[in-house]
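>>> Give me the fold of what follows.
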Amino acid sequence: MDRNLTLLTDFYELTMANGYLKSGVADTIAYFDMFFRRVPDQGGYAIMAGVEQLVEYLNNLHFSDEDIAYLRGRNCFCEEFLEYLRNFKFACDVWCIPEGEIIFPGEPIVTVRGPVIQAQFIETMLLLTINHQSLIATKASRMVRAAKGRAVMEFGSRRAQGGDGAILGARAAYIAGAVGTACTITDLQYGVPALGTMAHSWVQMFPTEFDAFKAYAQTYPNACTVLVDTYNVLKSGVPNAIRTAKEVLEPMGCRMKGIRIDSGDITYLSRKAREMLDAADMPDCKIVVSNSLDEYLVRDLLGQGACIDSFGIGERLITSRSEPVFGGVYKLVAIEDKNGTILPKIKISENVEKITNPHFKQVWRLTDKADGKYRADVLTLRDEVIDDTQPYLLFDPMHTWKRRPTVNFTARPLQVPLFEKGVCVHKPRDIEEIRAFCLSCQDKIWEAVARFENPHPYYVDLSQKLWDIKRDLLEQNQF
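Alright, predicted model coming up:
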């Protein structure tokens, strides 16, 4: 990361940090969890993304002379605090659920332990990084599922909220299953395949549509896909594509790779275009469609019998237009006293879903041995171990009378270390490895959990020990 993003933080992180120092509690060891309360689009699952960028940010935390000068000019920070920032060295422990894994509401997807002055400060960028990419990865996953094995391409750069929104959004979409992106710099920086052919302006630049297709075919004979809806898809575009294939490409020993339709009644046009291509002995010519698509339109098009081989999806993917917020939050869950004893902390609200789960925790995933599907997650105290050789009693933390013993499962902890006392212990993964891991994780979700409407709730339960601590804190804070 070339840019210094240290001050990409909410101002109150700095005012609190200054206050912690002046109050003598800056070195108190605190535990914070990042979690989210609800899956966007009322979905059944989300995808963890943005971990590599979080690591980059934490590795580059420093306050430049310009940063210090700016803060001094605000006239609200003591010199002792500014000197602390000048000599700042990140010293926290950080754990997270690996990038590409499936995540669910209520579970800590990132945990930070360290001096409160530091653990508090990184909140904004941590949330920004994980929230954004998890949002886009989750949206892309829905679209890829709707496409039922057909390729989904991310085409939304021009509608993204800024450069980072385009670049990192394309990265997140690829992790979740998109096959590539129109965003060239994302290919350069992250290895996400850049894809694209022509715009309507290319067709308009030439005397005729055929001249435009011919010029493109001569330039790219082995990768020729033409845009057929500039004038009239069925009367002009598809016939000229066929003519280009027969008169230009086939004499060169090449085949027309595809046509793209970007407007009109996609179902009708794609079916008629398929008939015309097949009649011209071009069954291998693919049909690509675009035009403000989302998962519901993709599903409906295929349900109506549209003949589509791949989808180019732009604004509704890169902005997650239907619900453009991934509501991850960052809450204090424990501190340590001078003897190193962990003291759990809880946030209480009349809104039940905003009551936090206290203490230093681990997330365990129980997987069914019979079918390999994810069965449930359990939040435990960090030093608890779930023995998968024995039956385990699951119970609903909201409706505690709902209890079910579970057997024939494997249990594994999800959180892994990123930093130990400020030293990065994370091993970077190639984006193809992250993508393959993400796709394998998605295969382990039950269909009922993955459906778009009214998904079956996935169980995220508490261990008995953790529930007892939470209940005691709730009772202690009754007014």
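>>> Quick one: low-confidence residue ranges for the stretch 151-300 of the chain.
For the stretch 151-300 of the chain, no stretch has pLDDT under 70.
>>> At which residues are the strands of the stretch 201-350 of the chain located?
Here the stretch 201-350 of the chain has its strands, by DSSP state E, counting those that start in this stretch, at 225-227, 258-261, 286-289, 310-313, 328-336, 342-344.
>>> Turn those into a markdown table, columns for distance to Lys246 and mean neighbour count.
Every C-beta, even on glycine, is put in place using the N, C-alpha and C of the backbone. Supplementary listing: the strands of the stretch 201-350 of the chain in a markdown table, determined by distance: least, CB to CB, whole Å; neighbours: other CB atoms under 10 Å:
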| stretch | distance to Lys246 | mean neighbour count |
| --- | --- | --- |
| strand 225-227 | 13 | 25 |
| strand 258-261 | 14 | 24 |
| strand 286-289 | 17 | 24 |
| strand 310-313 | 23 | 24 |
| strand 328-336 | 54 | 18 |
| strand 342-344 | 74 | 17 |
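>>> which one of these lies closest to Met48?
Using CB to CB as the criterion, the shortest distance between Met48 and the strands of the stretch 201-350 of the chain is 10.5 Å, found for strand 328-336.
>>> Surely Ile259 and Val238 touch.
Yes - counting by CB atoms under 8 Å, Ile259 does reach Val238; the two are 6.5 Å apart.
>>> can the strands of the stretch 201-350 of the chain go into CSV with extra columns for distance to Thr124?
Formatted as CSV, the entries for the strands of the stretch 201-350 of the chain read as follows, by distance: least, CB to CB, whole Å:
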stretch, distance to Thr124
strand 225-227, 42
strand 258-261, 41
strand 286-289, 39
strand 310-313, 30
strand 328-336, 9
strand 342-344, 25
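>>> between these, which gets nearest to Tyr84?
strand 328-336 (19.7 Å).
>>> what residues are up against Pro397?
Under the criterion of CB atoms under 8 Å, 6 or more residues apart in numbering, the neighbours of Pro397 are Asp461, Leu462, Trp467, Lys470.
>>> quick one, which of the strands of the stretch 201-350 of the chain is nearest to Pro115?
For Pro115, the closest of those is strand 328-336, at 10.4 Å, according to CB to CB.
>>> With Met125 as the reference, name the closest of the strands of the stretch 201-350 of the chain.
When the strands of the stretch 201-350 of the chain are ranked by proximity to Met125, the top entry is strand 328-336, at 10.5 Å, counting by CB to CB.
>>> Sheet partners, orientation included, of that closest one?
Strand 328-336 pairs in its sheet with strand 29-36 (antiparallel), strand 342-344 (antiparallel), by DSSP bridges.
>>> Out of those, the one nearest Tyr330 is which?
For the strands paired with strand 328-336, distance to Tyr330 was read as CB to CB. The smallest value, 5.0 Å, belongs to strand 29-36.
>>> Show me how the record splits the protein into domains.
Described in terms of automatic domain parsing, the domain architecture of the chain consists of the residue ranges 11-136+324-476, 139-318.
>>> re the thing from before, give me the common contacts of Ile259 and Val238.
Each of Val228, Ala273, Leu277 lies in contact with both Ile259 and Val238 under the rule CB under 8 Å, 6+ apart.
>>> which ones are touching the first one?
With CB under 8 Å, 6+ apart as the criterion, the residues that contact Val228 are Ser236, Gly237, Val238, Asn240, Ala241, Ile259, Arg260, Ile261, Ala273.
>>> What distance do you get for the residue nearest to Met252 when sequence neighbours are not counted to Gly253?
Closest residue in space to Met252, ignoring its immediate chain neighbours: Pro221 at 5.3 Å, by CB to CB, 6 or more residues apart in numbering. Going from Pro221 to Gly253 by CB to CB, to the nearest Å gives 9 Å.
>>> Same check on Ala140?
Following CB to CB, the distance that separates Ala140 from Gly253 is 37 Å.
>>> Kindly report the same for Ala182.
Distance from Ala182 to Gly253, counting by CB to CB: 29 Å.
>>> Quick check on Asn291: phi, psi?
Recorded main-chain torsions at Asn291 are phi 100, psi 80, according to degrees, to the nearest 10.
>>> Who are the contact partners of it?
In this structure, Asn291 makes contact with Ile261, Asp262, Ser263, Ile266, judged by CB under 8 Å, 6+ apart.
>>> what do you get for Ile122?
Neighbour list for Ile122: Thr9, Tyr57, Leu58, Leu61, Cys92, Val112 [criterion: CB under 8 Å, 6+ apart].
>>> you'd agree Arg260 is up against Val289?
Yes - contact status for Arg260 versus Val289: in contact at 7.1 Å, counting by CB under 8 Å.
>>> Find me the pLDDT at Met1, would you?
pLDDT, the model's per-residue confidence, is 45 for Met1.
>>> How about Ile313?
Reading off the confidence values, Ile313 has pLDDT 97.
>>> Likewise for Thr28?
According to the model's per-residue confidence, Thr28 sits at a pLDDT of 98.
>>> still on that earlier bit, neighbour count for Ala182 and Gly253, which is higher?
Summary of the neighbour comparison: Ala182 and Gly253, criterion other CB atoms under 10 Å, with Ala182 having more neighbours (20 against 8).
>>> Relative to Lys373, how far out is the more buried one?
From Ala182 over to Lys373 the distance is 35 Å, taken as CB to CB.
>>> What mean pLDDT does the biggest helix by length in the chain get?
Ranked by residue count and defined by DSSP state H, the top helix of the chain is helix 123-147. Per-region confidence: helix 123-147 scores 98 on mean pLDDT.
>>> Run the chain-centre distance for that helix.
The gap between the average C-alpha position of helix 123-147 and the chain average comes to 2 Å, counting by CA atoms, centre = their mean, to the nearest Å.
>>> what's the angle from it to strand 29-36?
Direction vectors for helix 123-147 and strand 29-36, defined by axes from the mean of the first three to the mean of the last three CA atoms, to 10 degrees, enclose an angle of 30 degrees.
>>> What is the helix or strand that helix 123-147 is followed by packed up against?
Using DSSP states H and E, the helix or strand that follows helix 123-147 towards the C-terminus is strand 151-154. Secondary structure elements in contact with strand 151-154, counted by 3 or more CB pairs under 8 Å, 6 or more residues apart in numbering; DSSP states H and E, are helix 123-147, helix 163-176, strand 180-181, strand 310-313.
>>> if we go to 10 Å?
Secondary structure elements in contact with strand 151-154, counted by 3 or more CB pairs under 10 Å, 6 or more residues apart in numbering; DSSP states H and E, are helix 123-147, helix 163-176, strand 180-181, strand 286-289, strand 310-313, helix 315-318.
>>> strands paired with that strand, and their directions?
According to DSSP bridges, the neighbouring strands of strand 151-154, each with its direction, are strand 180-181 (parallel), strand 310-313 (parallel).
>>> what's the last one in contact with?
Counting contacts by CB atoms under 10 Å, 6 or more residues apart in numbering, the residues outside strand 310-313 that touch it are 139-140, 143-144, 146-147, 150-156, 173, 178-180, 182, 195-196, 225, 258, 260, 262, 266, 286-295, 297-298, 301-302, 317.
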